[in-house]
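**Student:** One predicted model, sequence on top.
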Amino acid sequence: MNLHVVDRGSGPVLLLLHGFPLDHTMWNAQIEALSATHRVIAPDLRGFGRSSVTRGTVTMSMMADDLAGLLDAIGVDEPVCMCGLSMGGYVAWEMLRHHADRVGSLVLCDTRAVADTEEAVTGRMAMAARVLTDGTTPVVEAMLPKLFSPATEERCPELVDTVKRTIFFTSPVAIAAAQQGMARRTDATFLFNQITVPTLVVVGEHDSISTVDEMRGIAQQIPGARLVIVPDAGHLSPLENPAAVSAALKDFLGEAGQS
């Protein structure tokens with residue numbers, strides 16, 4: 001398994017895990033803002049961007065194992081600040097389950113802890129089947145309206161177009177494999193009271209996938225966690241309001257002793 005990774009800067013490590021079906025470029029603003037003070041590592045998760053594609057099902061625990069291997073390969077043996085958005089958050093839960101010693105602090109960004117409902121599983125499996133026969137256009141059509149706030153769609157059409165292109169050119173095999181893996185993920189809410197590392201919860205104020213109320217509930221159940229609501233942003237808050245998310249990360253890293 002070959003993972004493409006951006007590895008920039010030096011200092012305490014910030015590991016950025018992108019959402020579905022995107023790649024590391026969704027973090028470009030944060031890489032730029034934080035690599036002056038931190039070693040920022042932003043991989044393309046298995047199947048996405050320029051990383052190797054796996055047919056069948058790619059589970060979130062497989063992606064977590066990939067990351068543990070990546071950290072070994074690039075010589076990172078200290079605990080990192082792990083920041084995951086959406087699917088990246090699902091991978092973060094698996095890191096906590098299976099590689100907790102790797103996690104020194106945690107950022108949960110526009111993600112969920114509960115398992116999919118039966119309806120959601122059915123939808124994921126249907127998309128997985130359809131993308132293999134019809135390509136990525138149906139994925140673009142299904143997902144794009146859910147990802148952005150109305151303000152972003154109005155003010156930043158070029159950003160919407162960039163994300164649209166990223167999804168369109170993503171491997172259908174990778175999309176299907178990840179959808180099947182996300183459909184099979186288990187509930188992670190039992191981890192809340194086991195988390196002992198500093199934790200930040202970030203959510204776009206207009207996120208319709210992982211809502212403010214849901215993310216606030218996560219923050220309230222993790223001991224000592226702090227919640228940041230990002231204005232003028234939907235599900236892709238690091239892209240829609242990059243300055244606010246970068247500032248929140250910088251403040252948190254300082255508070256967590258990783259600055």
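**Tutor:** Here it is on my side, so go on.

**Student:** hey, let's count contacts and neighbours off CA atoms from now on
**Tutor:** Noted.

**Student:** now Gly49, what's its secondary structure?
**Tutor:** Following DSSP: H, G, I helix; E, B strand; the rest coil, Gly49 is assigned to coil.

**Student:** OK, contacts around it?
**Tutor:** Shown in contact with Gly49 (CA atoms under 8 Å, 6 or more residues apart in numbering): His4, Leu22, Asp23, His24, Thr170.

**Student:** I'd guessed Thr166 sits against His24; true?
**Tutor:** No. Under the criterion of CA atoms under 8 Å, Thr166 is not in contact with His24, lying 10.7 Å apart.

**Student:** Between the two, which is the more surrounded one?
**Tutor:** Remark: of Thr166 and His24, His24 carries more neighbours, 22 against 18, as counted by other CA atoms under 10 Å.

**Student:** From Val6, how far off is the more buried one?
**Tutor:** Noted for His24: a distance of 8 Å to Val6, by CA to CA, to the nearest Å.

**Student:** Need the overlap of contacts for those two.
**Tutor:** Contact criterion CA under 8 Å, 6+ apart; residues shared by His24 and Val6: Ala42, Pro43.

**Student:** and Pro157, how many neighbours?
**Tutor:** Burial of Pro157 is recorded as 11 neighbouring residues (other CA under 10 Å).

**Student:** Torsion angles phi and psi at it?
**Tutor:** For Pro157, the backbone dihedrals are phi -60, psi -30 (criterion: degrees, to the nearest 10).

**Student:** What score does the closest residue to Ser35 other than its chain neighbours have for pLDDT?
**Tutor:** Of all residues not flanking Ser35 in the chain, Gly9 sits nearest, at 4.6 Å (CA to CA, 6 or more residues apart in numbering). In this model, Gly9 is scored at 97, pLDDT.

**Student:** residues in contact with Gly9?
**Tutor:** Taking CA under 8 Å, 6+ apart, one finds Ser35, Ala36, Thr37, His38, Arg39, Val40 in contact with Gly9.

**Student:** thinking again about what came up before, let me know the closest of the contacts of Gly49 to Lys250.
**Tutor:** Distance ranking of the contacts of Gly49 against Lys250, using CA to CA, places His24 first at 18.8 Å.

**Student:** surely that closest one meets Asp7?
**Tutor:** No. Look at His24 against Asp7 with CA under 8 Å: they stay out of range, at 10.9 Å.

**Student:** Give the intersection of the neighbour lists for these two.
**Tutor:** Looking at what touches both His24 and Asp7 (by CA under 8 Å, 6+ apart), the common residues are Ala42.

**Student:** circling back: got a winner among the contacts of Gly9 for most neighbours?
**Tutor:** Each of the contacts of Gly9 was scored for neighbours by other CA under 10 Å, and Val40 scores highest at 26 neighbours.

**Student:** Quick check: which element contains that one?
**Tutor:** Using DSSP states H and E, Val40 falls within strand 39-43.

**Student:** Give the rounded mean pLDDT of that strand.
**Tutor:** Strand 39-43 shows an average pLDDT of 98 in the prediction.

**Student:** Pairing partners for that strand, with directions?
**Tutor:** Paired neighbours of strand 39-43 in the sheet (DSSP bridges): strand 5-8 (antiparallel), strand 13-17 (parallel).

**Student:** So which of those strands is nearest Pro223?
**Tutor:** Among these, strand 13-17 sits nearest to Pro223 (CA to CA), with 21.3 Å.
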